[in-house]
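In: build me a structure from this.
(one chain, ligands or ions: 4)
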Amino acid sequence: MKRYIFLLFIIPLLISCGAGGGGGVVSSPAGGDNNTSNKPNPACSSQSSLAKIRIKGDGIYRVTYLDLYNACVDLLRVAPAALKMTNQGNEIAIDVIDYNQNGYFDDGDYIEFYGKALSRGDSRFRFTETNVYWFSAEAGARKRIAGIQSNPKASQGASSFLKILHMEEDIWYEQKNYPEVTSAEDVREHWFWGESFTGAAFIPTDVRSKYKDFYIRDYDFSTPYIDKSKPVSFNLRLQSITGSHYIKIYINGNPVGEQSWESAGPFNFEVPNIPGTIFNNNGTNKLTLESTGTSTVTADFFYLDWFEIGYYHTYYAEYDMLEFTGDGLIGVSNFSTATDLSIYEISDPANVTKIIPAKTEWVSSGYKVVFSNPGATEGRFLALSGANKKTPAVEAYTLADLRTKDATYIIITHGDFYDAIKSLADYRSGQGGGYKVLVVKVNDIYDEFGYGIETPQAIKDFLRYAHENWPSGPQYVLLVGDATIDYKDISGYGSSYGVKSYVPAYLYNYPGLGEVPSDNWFVDVSGDVLPEMNIGRIPAKSPADVTAVVNKIISHETSSLKSNDVVLVADYNMVSGTLFEALSDSIAGLIPSPDYSLTKLYQSDYPNSADLRKDILSAINGGPLIVNYTGHGSVVNWTTEDAFSSEDVAYLTNKSYPFVVALNCLNGYFVLPDDGVEQGGVQRPPSIGEAFLLAPEKGALGVLAASSIGYPSEHDPLAQALYSIVFSQVTLGEAVTKAKEVAYKNGEIMEDVVETFIFFGDPATRLK
Ligand SMILES: [Ca+2]
Ligand SMILES: [Ca+2]
Ligand SMILES: [Ca+2]
Ligand SMILES: [Ca+2]
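Out: Ligands and ions are numbered 1, 2, ... in the order given. Predicted coordinates for the structure are as follows:
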């Protein structure tokens, strides 16, 4: 039952680069130098002596000279002793095999190392599992994997070892933080193993059989070479949404435990001492989780996060590989090779050692390798055949050297949009009193401020560095690329539809709602909530998106036409009454007259929403300077009766482009995982903020909208501050920053409003 559904109301790089850095790096060939690959690779337009190696799973990795040569990494005539590998800024031990023993690294030679992907315990796992290893040549004492001879007289170890099998699939996104927390930093698990369970008791008996999937589900797992003589333990991690719960679990049809609970937090259901005899040592086992529930009237919902099985595994290799723990003399059977077999002690991943076995012998159906634990305490080992060594992705890398740069305007773009955004960079630097513009690829930021690991934090760390150290003092930051809550593309919408985190979003915990994006977070480098730089985002999914926005901005700023119309749209319903009109009227009072003209489009004047929609379209088609909306809304619409939506932007024909201000809920929630995705012939629209900004040759020049929910009592002071400054020849970025600052310092808005109002567009845009 894999379903990809989402609930949305549903450092520096501590490696010094390069060969040639001093004595000991380059060696002279002892033998001949006739191989093609011992010359610079003619297929490469440029070469680097630094390689970036990406690791997606744990294991022993092999990188050959040829892999590096083909990736345009130039390590020609480097002494094997100079080769260096780092991870997260620390050097790790590697094996360098000078296969032809000629004293330099060349054709036929290779390196091996133990690589580890980011694990679930790592806070960056949310964003990526890919770990990055950096390979270079540098003189000095380099770390190598030591070989340790086994002691054949060590005392005999146990016949099986405890293995913890962790089973977890992150396939269901839950926006809320459960249990609800008030701290923005207190982030909980948001990815669960499928949709929530319901108690069977809560489902009426006559339809219960039809909804079996809501309360009873099976999960397969394997326990190969299990030691059935020993007990098995079980741990199930559940997360209550609401209600009290009663569950029963079965292994291969055998009832093994039942439990009731009602805590709001994550709940661990532990079952010790399950007889090993009910598990299979071949094929799969089946865990059945049944939610019987306790009440016919109380809603009862919870998620399964993961489960773990602790069982004893005998020392038998699976497909010529086994990771295990042990002490004393250990014998691992079931290998198909005696010669091409390696054993590593991996307790310390940065300093693994290689074990030289006491003996290898043929036992019944395979080879058995016998060795001793070299450590004083139990060791962790990986035994594997050569065929099980992995080949990683290798690329040549040249540092962008971001710390040495300087700019007043930083554009952070995904590599796909680097060329498309150049016209804006050129335009801004060519302006009178021009900006000092630097276009930075987001990957270069990860490499220099995150050891290559792709996180929002690396972007913030870069901006902090630039703010604190660059001589000119950056004032503007433009993020170029859309983002999604689905950082790892679990949905597959990234690969199939291009909906991915080009420039990732930081997700802020909005109490009561859960995760919503905040771009403000990137530019609050001092930690007081308020932004130190003016930030904007072009949430592009293609170079065409970028070009469309840039063309509108340049057209607006260079056109001789000047618009002075301000359009105010306000919602009305029985409950809110004239609240939104009152807010709109107070904004009207801040529009300098008689220089600007006002058009009020208020729902209460329209018995029919379709007529309001028609007038909104025609007012925007008139090319106003500003369009302001106050009222209810969701991600994709305006007004209680949905008078205007993201899809309506397609019907606009305006040729001069307004600044759109949406003082409602969610219009700036730009991280929908399926925005633009076609399902059942219908394309899911993006947020209104994105729709307005990205529409080519129509729509908006910039949009200010909230990614969370909000109230007129907060929107009012923000609007007062914004409209007091926006007509005074400032940039839109300055106006937004100033509005947040004034309203926040006056104590009229709280942190969440500052964090979740998002400016879409170029923050250096000026209204005219
Ligand atoms: Ca060699
Ligand atoms: Ca999970
Ligand atoms: Ca700050
Ligand atoms: Ca989006």
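In: quick check: which element contains Lys52?
Out: When elements are assigned from DSSP states H and E, Lys52 belongs to strand 51-55.
In: paired strands for that strand, with orientation please.
Out: Partner strands and pairing direction for strand 51-55 (DSSP bridges) are strand 131-137 (antiparallel), strand 393-396 (antiparallel).
In: now it: average pLDDT?
Out: With pLDDT averaged residue by residue, strand 51-55 scores 97.
In: from ligand 3, how far off is Tyr315?
Out: Counting by CB to the ion, to the nearest Å, the gap between Tyr315 and ligand 3 amounts to 57 Å. The C-beta positions use only the backbone N, C-alpha and C, and glycine is treated the same way.
In: picking that back up, would you format the strands paired with strand 51-55 as a markdown table with distance to Asp340 and mean pLDDT included?
Out: Output for those, formatted as a markdown table (distance: least, CB to CB, whole Å; pLDDT from 0 to 100):
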| stretch | distance to Asp340 | mean pLDDT |
| --- | --- | --- |
| strand 131-137 | 24 | 97 |
| strand 393-396 | 23 | 95 |
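In: so after the top strand by length along the chain, what's the next helix or strand?
Out: Secondary structure of the chain read by DSSP state E shows that its longest strand is strand 301-314. Under the assignment DSSP H and E, the closest C-terminal helix or strand after strand 301-314 is strand 321-326.
In: after that following strand, which helix or strand is next?
Out: Scanning forward in sequence from strand 321-326 by DSSP H and E, the next helix or strand is strand 329-335.
In: for that next one, list the C-alpha coordinates in CSV.
Out: The C-alpha trace of strand 329-335 is given here as CSV (Å, rounded to 0.1, in the frame of the first residue of the first chain):
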residue,chain,number,x,y,z
LEU,A,329,37.4,-15.4,17.4
ILE,A,330,34.6,-15.0,14.8
GLY,A,331,33.9,-17.3,11.8
VAL,A,332,31.7,-16.0,9.0
SER,A,333,30.4,-18.7,6.6
ASN,A,334,28.7,-18.8,3.2
PHE,A,335,31.1,-16.9,0.9
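In: gap between it and the chain center?
Out: 40 Å (CA atoms, centre = their mean, to the nearest Å).
In: what is it packed up against?
Out: Using 3 or more CB pairs under 8 Å, 6 or more residues apart in numbering; DSSP states H and E, the elements in contact with strand 329-335 are strand 321-326, strand 366-372, strand 379-385.
In: contacts for the first one, please.
Out: So that's strand 321-326. Judged by CB atoms under 8 Å, 6 or more residues apart in numbering, the contacts made with strand 321-326 from elsewhere in the structure are 58, 157-158, 161-163, 313, 315-316, 330, 332, 346, 373, 378-385, 388.
In: show the average pLDDT along that strand.
Out: The average pLDDT for strand 321-326 rounds to 98.
In: same check, this time on the last one
Out: Predicted confidence along strand 379-385 averages 98 (mean pLDDT).
In: buried residues, stretch 110-120. List them.
Out: Across stretch 110-120, burial judged by 16 or more other CB atoms under 10 Å covers Tyr110, Ile111, Glu112, Phe113, Tyr114, Gly115, Lys116, Ala117, Leu118.
In: meant to ask about stretch 363-380, not that
Out: Applying a neighbour-count criterion of 16+ other CB under 10 Å, one finds Gly366, Tyr367, Lys368, Val369, Val370, Phe371, Ser372, Asn373, Pro374, Gly379, Arg380 buried in stretch 363-380.
In: which bits of the protein sit near ligand 4?
Out: Taking CB under 5 Å from the ion, the part of the chain that reaches ligand 4 is made up of Asp482, Pro539, Phe670, Asp675.
In: now, the residues you listed that are in helices?
Out: Where the residues of the chain next to ligand 4 are compared with helices, as defined by DSSP state H, there is no overlap at all.
In: same list (these) but as TSV, adding pLDDT, neighbour count and distance to Ala358.
Out: Conversion of those to TSV gives the following (pLDDT from 0 to 100; neighbours: other CB atoms under 10 Å; distance: CB to CB, whole Å):
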residue	pLDDT	neighbour count	distance to Ala358
Asp482	98	29	58
Pro539	98	29	61
Phe670	98	27	61
Asp675	93	25	60
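In: which one of these sits closest to Trp306?
Out: Nearest to Trp306, judged by CB to CB, of those is Asp675 at 29.1 Å.
In: wait, that closest one touches Ala691, no?
Out: No. Taking CB atoms under 8 Å as the definition, Asp675 is not a contact partner of Ala691, at 9.3 Å.
In: mutual contacts of these two, please.
Out: Both Asp675 and Ala691 are contacted by Pro685, under the criterion CB under 8 Å, 6+ apart.
In: dump the residue contacts of Met750.
Out: Glu714, Tyr744.
In: what comes into contact with the helix or strand encompassing Ser713?
Out: If you go by DSSP H and E, Ser713 is part of helix 712-725. Contacting residues not belonging to helix 712-725 are listed as 579-580, 583, 586-587, 590-591, 628, 630, 661, 663-664, 704, 734-736, 738-743, 746, 748-750, 753, 757 [CB under 8 Å, 6+ apart].
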